[in-house]
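Engineer: Sequence plus predicted model, see below.
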Amino acid sequence: MTVKTFDSTDTSNPVRVTPAAAEHFRKQLAARGFAGIRFSLSKSGCTGYKYVIDEVREPEQGDIATTLDNGVVLYISAADIPALRGMELDYVLEGVNRKLVINNPNTREACGCGESFSF
């Protein structure tokens with residue numbers, strides 16, 4: 001058995017964005033004239049937290065910025081990095097629908113409706 005530890009002060013590459021998700025973000029930002037995507041957490045629901053994804057013109061104070069390969073800037077709330085580290089954002093095709101999928105290995109429990117989760 002091994003124990004995996006994370007340094008919560010290490011802000012390098014806390015979130016992985018697939019090429020499909022990066023391209024989705026690029027198209028959305030270009031159509032609306034925003035500078036980047038901001039990813040954070042908010043207390044919500046019966047289980048505790050929800051993801052917040054905003055198109056933004058500039059980061060909030062304390063955000064960590066990562067520029068994706070296609071030039072999209074991803075801003076992540078520094079306070080939320082310990083809970084988001086190792087997470088992957090993907091954009092997938094399911095049948096005739098496309099959707100953003102968030103895979104977070106830190107999530108321990110989710111509510112039945114899928115709106116909130118805990119760590």
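Structural biologist: Here it is on my side, so go on.

Engineer: Excluding covalently adjacent residues, which one is nearest to residue 28?
Structural biologist: Ranked by Cβ to Cβ, 6 or more residues apart in numbering and with sequence neighbours excluded, the top spatial neighbour of residue 28 is residue 55, at 6.6 Å. Where C-beta positions appear, they are placed from N, C-alpha and C, glycine not excepted.

Engineer: Residue 23: neighbour count?
Structural biologist: Neighbour count for residue 23, taken as other Cβ atoms under 10 Å: 16.

Engineer: for residue 78, same thing?
Structural biologist: Counted with other Cβ under 10 Å, residue 78 comes out at 17.

Engineer: mind listing what the one residue sitting closest to the centre of the chain touches?
Structural biologist: Centroid check for the chain by Cα atoms, centre = their mean gives residue 39 as the closest residue, at 4.8 Å. Counting by Cβ atoms under 8 Å, 6 or more residues apart in numbering, residue 39 makes contact with 15, 51-53, 74-77, 80, 84, 89.

Engineer: So for the longest helix seen in the chain, what gets flagged as buried?
Structural biologist: For the chain, the longest helix by residue count, based on DSSP state H, is helix 19-32. Of all the residues in helix 19-32, those buried under the rule 16 or more other Cβ atoms under 10 Å are 20-25, 29.

Engineer: ok, back up a step: now the angle from the helix or strand encompassing the residue nearest to the centre of the chain to helix 19-32?
Structural biologist: Element membership for residue 39, per DSSP states H and E: strand 36-44. Angle of strand 36-44 versus helix 19-32, following axes from the mean of the first three to the mean of the last three Cα atoms, to 10 degrees, is 100 degrees.
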